[in-house]
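**Student:** I need the structure of the sequence given here:
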Amino acid sequence: MQNPKEIAVVGAGLVGSLLAIYLKRAGHNVHVYDRSPDIRKIQFSGRSINLAMSNRGWKALKDIGIDEEIRKIGLPMDKRAIHMMDQSLNYQKYGKDGESIYSLSRGVLNRKMIDLAENEGVQFFFEHKVWDVSLSEAILKIGEEEHGVWEERKYDIIFGSDGAFSRVRHRMQRQSMFNYSQEFLEIGYKELNIPANPDGTHKLDNSSLHIWPRGNFMLIALPNLDGSFTCTLFMPFKGENSFEQLDSKEKLVAFFAKHFSSTTEVIPNLVEDFFKNPKSYLVTMKCFPWTYNDTVALIGDACHAIVPFYGHGMNAGFEDISILNELMTKYGDDWQTIFTEYENSRKPNADAIAELSYRNFMEMSTKTADADFLLQKKIEKWFSEKYPEKWIPLYSRVTFSHQPYAEALAVGDKQDAIMKEILAIENIEQIWETEPVEHRILKLLEEK
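**Tutor:** I've put the predicted structure just below:
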């Protein structure tokens, strides 16, 4: 427990709600502000990508004692199911036996997190628009309109967990020595849906993350508890095979028949969902510093928004909270030191997961259907099972461990360089499970 403070959290999303629970448990009075209506009282918007909870996220939930409650609303996925153009199906295990990521509906999880936070005594203020912040005094400025009358609410500390286009960060950007960048992908996404069978069962294997890799575009599907799948179509906005081209029912149906023929029977509302649901954008946002003195701090997407291809936006945000909590335990009421160590610890790791997420689009959309890549994964699995202390695959480092993202990226790059040399060996397809190959990998590990 710390000395009680009045703390405002701006943003009632996943990170804001979990942070509020941690702060309340530490003895503070916590108010959460969100400009949107209460998500528990409205239909979710049709621009969601299902979440994939992995070890980092589970740790943050377990440390506060709510992990089992959340597990009840998720489904474990232990593998990718790769749907090839010829309608064949390949499976790729994510990790060792028993290792899974969990598919969670963003809307269902967010509603649950808000309920859990309210049960702790956190107060939520929905439809309260924060337009500005006094950084030095920790004052929120709230009003109906940006250029209207504002009410000021004073706090001891303000956390900005208000996403990639954060108003709290917007105020921090207007000071000197604040570095900021944002980069949009030329690729966007649309939400689609595979409904449940009439008896409530799933139309596809519900322990897999399904991918239809097609080069510069792809379709993915993640299972929900109600028997449905949330699907996401990723593709360029313009050019060949793009959203721009799919401007009529006939073109859309023909496109799916050609590129995603195995979905014809399972996405009955394709046309309706495609033209009803909005196109959404994908952005990587980086900034520094993340804090101002001992009064204001950014967390989650507000300071490190990433593209969703590693499934780690939520996991990275939850890990922010784990690290912050460790520092609160270590330094007590010294918020200046807590904030300084928090941003210096997390910034390199946030940059690393941003890079990993960007790279993973290429892996999911192209490499999962590539023979060399599939062979590399086989060799890595074979070698790591023989030498688990010498070789942990990059995906497992990121998803099933708590190794800092920056370290995982550095080790992953070294391992990839080794694998390039191994794949260049003559007839490697025939001899990969042999002692000479095993010894060659061991030698390269020593050299690097």
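**Student:** next structured bit after the helix or strand harbouring I321?
**Tutor:** Assigning secondary structure by DSSP states H and E places I321 in helix 313-331. Toward the C-terminal end, the helix or strand that comes next after helix 313-331 (DSSP H and E) is helix 335-365.
**Student:** in that next one, what's buried?
**Tutor:** For helix 335-365, the neighbour count (16 or more other C-beta atoms under 10 Å) marks 335, 338-343, 345-347, 349-361, 363-365 as buried. To be clear about C-beta, it is placed using only N, CA and C from the backbone, and glycine gets the same treatment.
**Student:** what bits of the stretch 201-350 of the chain have low per-residue confidence?
**Tutor:** Nowhere does the stretch 201-350 of the chain drop to pLDDT under 70.
**Student:** strands along that one, start to end?
**Tutor:** Along the stretch 201-350 of the chain, counting by DSSP state E, counting those that start in this stretch, strands occupy 208-213, 218-223, 229-236, 283-288, 291-292, 296-298.
**Student:** for I139, find the nearest of those.
**Tutor:** strand 296-298 (10.3 Å; C-beta to C-beta).
**Student:** neighbouring contacts of that closest one?
**Tutor:** Residues outside strand 296-298 that contact it (C-beta atoms under 8 Å, 6 or more residues apart in numbering): 133, 135, 138, 157-161, 166, 168-169, 172, 287, 290-291, 339, 342-343.
**Student:** in its sheet, what does that strand sit against?
**Tutor:** strand 157-160 (parallel), strand 291-292 (antiparallel) (DSSP bridges).
**Student:** out of the ones you listed, indicate the one that is most buried.
**Tutor:** The highest mean neighbour count among these, using mean count of other C-beta atoms under 10 Å, belongs to strand 157-160: a mean of 26.
**Student:** pull the distance from it to the chain's centre.
**Tutor:** 22 Å (C-alpha atoms, centre = their mean, to the nearest Å).
**Student:** only alpha carbons, please: show the helix or strand just after it as PDB.
**Tutor:** Of the helices and strands lying after strand 157-160 in sequence (DSSP H and E), the nearest is helix 167-173. What follows is helix 167-173, C-alpha atoms only, in PDB (Å, rounded to 0.1, in the frame of the first residue of the first chain):
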ATOM      1  CA  ARG A 167      -5.300  13.700 -25.800                       C
ATOM      2  CA  VAL A 168      -3.000  13.400 -22.800                       C
ATOM      3  CA  ARG A 169       0.000  12.700 -25.100                       C
ATOM      4  CA  HIS A 170      -1.200  15.500 -27.400                       C
ATOM      5  CA  ARG A 171      -0.600  18.000 -24.500                       C
ATOM      6  CA  MET A 172       2.800  16.400 -23.800                       C
ATOM      7  CA  GLN A 173       3.800  16.800 -27.400                       C
END
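**Student:** just the buried residues of helix 167-173, please?
**Tutor:** In helix 167-173, counting by 16+ other C-beta under 10 Å, buried: 167-172.
**Student:** point out the other helices and strands that that helix packs with.
**Tutor:** strand 130-134, strand 157-160, strand 283-288, strand 296-298, helix 301-304 (3 or more C-beta pairs under 8 Å, 6 or more residues apart in numbering; DSSP states H and E).
**Student:** go again with 7 Å.
**Tutor:** Using 3 or more C-beta pairs under 7 Å, 6 or more residues apart in numbering; DSSP states H and E as the contact test, the elements touching helix 167-173 are strand 130-134, strand 157-160, strand 296-298, helix 301-304.
**Student:** and of the ones you listed, who's closest to A196?
**Tutor:** Once the helices and strands packed on helix 167-173 are compared by C-beta to C-beta, helix 301-304 is nearest, at 30.9 Å.
**Student:** return the closest one as PDB; C-alpha atoms alone will do.
**Tutor:** Extracted C-alpha coordinates of helix 301-304, given in PDB (Å, rounded to 0.1, in the frame of the first residue of the first chain):
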ATOM      1  CA  ASP A 301      -1.200   2.500 -26.900                       C
ATOM      2  CA  ALA A 302      -0.900   6.100 -25.700                       C
ATOM      3  CA  CYS A 303       2.900   5.800 -25.800                       C
ATOM      4  CA  HIS A 304       3.500   2.800 -28.000                       C
END
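**Student:** what packs against it?
**Tutor:** helix 167-173, helix 313-331.
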